[in-house]
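Enquirer: Mind folding the following:
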Amino acid sequence: MQDHPVTDIDAASSPLAAFQGPVACRRTADALILTGAAADCADDILILTFIAPAVAGLPERLAGAAVRAAGGCRYRIVSGSRDWAVEAASVHVHRDIGKAFYRAVPPRPTPLKKRLLWGVVLALAGTRGGKRLLLSLRRPA
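Expert: Numbering: from 1, shown residues only. The predicted structure follows:
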């Protein structure tokens with residue numbers, strides 16, 4: 001297997017992940033985490049986690065970044081006219097599609113009896129006497 005430097009990336013290759021707008025860059029002891037809106041669907045939040053040591057010179061925020069595989073364990077983060085090379089043991093791509101999911105499958109409304117029951121339980125739990133009553137109901141006879 002031939003080893004290519006990061007600069008030998010084919011510019012036409014599709015990105016591993018593409019963001020639109022601002023991208024937050026967070027570092028932990030052994031990971032770099034990029035979070036932002038997905039370029040292909042603004043409702044989806046894209047979370048890209050590199051298991052890698054810190055990347056030198058990477059700011060806390062990027063704009064419209066794209067991440068491309070560079071072969072082996074190397075990746076390239078491109079934002080505007082700047083780019084950064086990352087060597088990572090692994091990369092995890094997560095897409096939070098919660099907004100789209102809940103638009104397609106709206107939550108079921110809670111029945112009135114259940115709302116009333118929990119309203120009473122919470123009101124009782126908010127008072128000293130109510131707490132004693134709830135605890136006495138819970139204790140075995």
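
Enquirer: Tell me where the protein has strands.
Expert: 17-27, 31-38, 45-51, 61-63, 66-69, 74-79, 82-87, 90-96 (DSSP state E).

Enquirer: List the neighbouring strands of the fifth one plus their orientation.
Expert: In the sheet containing strand 66-69, its partner strands are strand 17-27 (antiparallel), strand 74-79 (antiparallel), by DSSP bridges.

Enquirer: which outside residues touch the first one?
Expert: Contacts of strand 17-27 with the rest of the structure, by Cβ atoms under 8 Å, 6 or more residues apart in numbering, involve 32-40, 42, 46, 48, 54, 58-67, 79, 93. All C-beta atoms are positioned from the backbone trio N, CA, C, and that covers glycine.

Enquirer: Stretch 91-105 - what's its average pLDDT?
Expert: The predicted model assigns stretch 91-105 a mean pLDDT of 87.

Enquirer: Quick one: distance of that stretch to the chain centre.
Expert: Relative to its chain's centre, stretch 91-105 lies at 10 Å (Cα atoms, centre = their mean, to the nearest Å).

Enquirer: contact partners of that stretch?
Expert: Contacts of stretch 91-105 (Cβ under 8 Å, 6+ apart): 16-17, 38, 41, 43-51, 67, 75.

Enquirer: And stretch 107-126, by the same measure?
Expert: Contacts of stretch 107-126 (Cβ under 8 Å, 6+ apart): 130-131, 133-134.

Enquirer: Name the member of those with the most neighbours.
Expert: residue 130 (15 neighbours; other Cβ atoms under 10 Å).
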